[in-house]
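Undergrad: With the input below, show me the fold.
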Amino acid sequence: MIYELCKIHTYLTDKDIEKLEDVAKDLPLISDLLQADIFIDCMAKDPNVAIVVAEAKPSNSPSMYQHSVVGEFAFRKNEPAALRTLEIGMPSRDLRAITQENKSVKQNVVPIKNDSGDVIGVLIAEIDITKSVNEKKNMELLSETTEKLTETLLTFIDNQNPIHYHITDGIVIFNSNGISTYVNPVAEKLYRKLGYIDDLVGIDFNNLVLDGRRFSEIKSQGFISSSELDVGELTLKVKYAVMKQRNIDVVGMIMVIRDISDVKAKEKELILKSVAIKEIHHRVKNNLQTIASLLRLQSRRIDNETAKVAFNESISRILSIAITHEILAQKGVDDVDIKTIFSRIKNSVIDYSMQRNNNVRIEIGGDNIHINSDKASSIALVVNELIQNSLQYAFTGRDEGVIEINIQRGSMYSNISIIDNGIGFDMKSARPGSLGFNIVKSIVKDKLQGQINIQSNSKGTKVMFDFKN
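TA: Predicted coordinates:
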């Protein structure tokens, strides 16, 4: 098929076509190794068009193609990476393309050169970019390795190509008997770090394997396997790919070694920071609860009812902040879902502040929003103050009522509404100078960079404030 297509659509010689046919034998291996659709394209007689002469779909992951595209054309407007590399002979990485089936992909392209150094085709690895955002990170990691591994496999075919000196993965190739036949510079350097002093080419697999696997075991599996291991001060990720001829006979194996020591060190650092954050929030929560307990003990010694109310209000404010730190201590991160905070405030209010309003329900609804600890503490304090205010004044003379907390996410500002169905109040005769109201106004304006709005009538009161995301 390659020969016929090249003869019809290209100016390649028989020797060049033979070279492409040799490369095409390794396409299934490359496709499985990268878990990507792999193609060989050649420049057509039209300088703005390439022709697909060979393809391979991964056997260990879904292909993006419903049908074969061998024999179809690739146009410059749809696949600029392929045409660029065909023209200038330089690799192209992570360039967007539109497939023959009208799907968006990212292409990593490397040139295939003949013995004279002329570009006779390109090897293309394609990665789907229409997947969900949750898979974006995996796509980027795969994209990062696609070009390097593809270049490596081409290097095995054309040892005149110096690209293998710039690859960050260690590559070791073994023949069917388990004897190493190729070691790239990165693998050489890794093994030297591990104390190897012999020439690594010609060494048996059992003397080079790092994770205790057996050559016969990997050969019999017939698919790619990988493992992660610590060797000395290094953390390595090792992947194996069995090489087959005509998908039947095992002709060798490739071992790919990646040094992930820096990645693991950063992961450990993040874990330590997470532990430290949890401990800090835990201690702050304990200190706040201790202060609240001391105030509660002190309030019991006071006979003046006005002073007791002031003590209880202060205790409630302190506990609302403590709730935020308690949640953050459990999660070990510096942000939290605002609904979780409100649920805990609701429980706290039920435990400590609803003796006089046992039939008042508190309902929480709206969007889930994650906010940092500083903003969470401020919002918790405001919402707690507004709930306490409703409980104290809104249901005077009533046996039951409802307080609704509604959260609405916005693009730049989000807002929170506290709505009760109480008796309401006259806005003109309200106490604007009260401590609780001043606390709320100050926090919303100075800490949350928002505004507060109050509406009240005989059917109830609605207080809404917003905060910058």
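
Undergrad: For this structure, which segments count as helices?
TA: Counting by DSSP state H, the chain has helices at residues 2-9, 14-24, 27-34, 80-88, 136-157, 185-193, 205-208, 215-221, 261-300, 305-331, 338-352, 373-393, 435-442.

Undergrad: In a markdown table, list those helices along with mean pLDDT and distance to Met412.
TA: No exception for glycine: its C-beta is placed from N, CA and C like everyone else's. Compiled in a markdown table, the helices of the chain are given as follows (pLDDT from 0 to 100; distance: least, Cβ to Cβ, whole Å):
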| stretch | mean pLDDT | distance to Met412 |
| --- | --- | --- |
| helix 2-9 | 93 | 54 |
| helix 14-24 | 91 | 53 |
| helix 27-34 | 80 | 41 |
| helix 80-88 | 88 | 36 |
| helix 136-157 | 43 | 24 |
| helix 185-193 | 88 | 47 |
| helix 205-208 | 88 | 57 |
| helix 215-221 | 80 | 54 |
| helix 261-300 | 77 | 28 |
| helix 305-331 | 75 | 23 |
| helix 338-352 | 79 | 17 |
| helix 373-393 | 84 | 14 |
| helix 435-442 | 77 | 21 |
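
Undergrad: So which of those helices is nearest Asp115?
TA: helix 14-24 (7.9 Å; Cβ to Cβ).

Undergrad: which helices and strands does that closest one pack with?
TA: Here helix 14-24 touches helix 2-9, strand 37-43, strand 49-56, strand 104-113, strand 119-128, helix 136-157, going by 3 or more Cβ pairs under 8 Å, 6 or more residues apart in numbering; DSSP states H and E.

Undergrad: Could you rerun that using 7 Å?
TA: On a contact count with 3 or more Cβ pairs under 7 Å, 6 or more residues apart in numbering; DSSP states H and E, helix 14-24 meets helix 2-9, strand 37-43, strand 119-128.

Undergrad: For Val336, list the residues it contacts.
TA: Neighbour list for Val336: Thr324, Ile327, Leu328, His370, Ile371, Ala376 [criterion: Cβ atoms under 7 Å, 6 or more residues apart in numbering].

Undergrad: ok, 6 Å please
TA: Ile327, Leu328, Ala376 (Cβ atoms under 6 Å, 6 or more residues apart in numbering).

Undergrad: just the residues you listed now: which is nearest Pro185?
TA: Nearest to Pro185 out of these is Leu328 (Cβ to Cβ; 47.1 Å).

Undergrad: That closest one contacts Asp374, correct?
TA: No: judged on Cβ atoms under 6 Å, Leu328 makes no contact with Asp374 at a distance of 10.7 Å.

Undergrad: When the two are compared, which one has more neighbours?
TA: Ranked by neighbour count (other Cβ atoms under 10 Å), Leu328 and Asp374 place Leu328 first, with 25 against 11.

Undergrad: do you know how far that one is from Lys447?
TA: Distance from Leu328 to Lys447, counting by Cβ to Cβ, to the nearest Å: 17 Å.

Undergrad: swap in Ser220?
TA: According to Cβ to Cβ, Ser220 and Lys447 sit 64 Å apart.

Undergrad: Of these two, give the one with the bigger neighbour count.
TA: Neighbour count, other Cβ under 10 Å: between Ser220 and Lys447, Lys447 has more, with 16 against 10.

Undergrad: number of nearby residues for the closest residue to that one other than its chain neighbours?
TA: Of all residues not flanking Lys447 in the chain, Ser378 sits nearest, at 4.3 Å (Cβ to Cβ, 6 or more residues apart in numbering). When counting by other Cβ under 10 Å, one arrives at 21 neighbours for Ser378.

Undergrad: Tell me who's in contact with Ser378.
TA: Ser378 is in contact with Ile443, Lys447, Leu448, counting by Cβ under 6 Å, 6+ apart.

Undergrad: Let's see that with 8 Å instead.
TA: Listed by Cβ atoms under 8 Å, 6 or more residues apart in numbering, the contact set of Ser378 reads Ile443, Lys447, Leu448, Phe467.

Undergrad: do the same with Leu297
TA: Contacts of Leu297 (Cβ under 8 Å, 6+ apart): none.

Undergrad: Quickly note the distance from it to Thr99.
TA: 72 Å.

Undergrad: Next: Lys375.
TA: 45 Å.

Undergrad: hang on, Ala394 packs against Gly422?
TA: Yes: counting by Cβ atoms under 8 Å, Ala394 touches Gly422, with 2.7 Å between them.

Undergrad: Please enumerate the shared neighbours of those two.
TA: Gly401, Gly460, Thr461.

Undergrad: Switch these over to JSON lines; also include neighbour count and distance to Ile171.
TA: Converted to JSON lines, the shared contacts of Ala394 and Gly422 look like this (neighbours: other Cβ atoms under 10 Å; distance: Cβ to Cβ, whole Å):
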{"residue": "Gly401", "neighbour count": "19", "distance to Ile171": "72"}
{"residue": "Gly460", "neighbour count": "19", "distance to Ile171": "71"}
{"residue": "Thr461", "neighbour count": "23", "distance to Ile171": "71"}
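
Undergrad: Report how many residues lie close to Ser59.
TA: When neighbours are counted by other Cβ under 10 Å, Ser59 comes out with 14.

Undergrad: what about the closest residue to it other than its chain neighbours, how many neighbours?
TA: Using Cβ to Cβ, 6+ apart and skipping the chain neighbours, the partner closest in space to Ser59 is Asp32 (5.7 Å). For Asp32, the count of nearby residues is 21 (other Cβ under 10 Å).

Undergrad: quick one: Asp32 and Lys57 touch, right?
TA: No: in this structure, Asp32 is not within contact of Lys57 by Cβ under 8 Å, at 9.5 Å.

Undergrad: measure the residue of the chain positioned farthest from its centre to Gln66 for me?
TA: Going by Cα atoms, centre = their mean, the residue of the chain most distant from its centre is Asp303, 57.6 Å out. Per Cβ to Cβ, Asp303 is found 83 Å from Gln66.

Undergrad: what do you get for Ser378?
TA: 54 Å.

Undergrad: Skipping adjacent residues, who's closest to Tyr11 in space?
TA: Closest to Tyr11 by Cβ to Cβ, 6+ apart is Lys45, at 6.8 Å.

Undergrad: how far away is that neighbour from Ile51?
TA: Lys45 is 9 Å from Ile51, by Cβ to Cβ.

Undergrad: between the two, which one's more packed in?
TA: Ile51 (22 against 10).

Undergrad: OK, contacts around that one?
TA: Contacts of Ile51 (Cβ under 8 Å, 6+ apart): Leu5, Cys6, His9, Thr10, Asp41, Cys42, Met43, Ala44, Gly71, Glu72, Phe73, Ala74.

Undergrad: Number of residues surrounding the spatially closest residue to the last one that is not a sequence neighbour?
TA: It stands for Ala74. Among residues not flanking Ala74 along the chain, Ala50 sits closest, at 4.3 Å (Cβ to Cβ, 6+ apart). Neighbourhood size, Ala50 [other Cβ under 10 Å]: 28.
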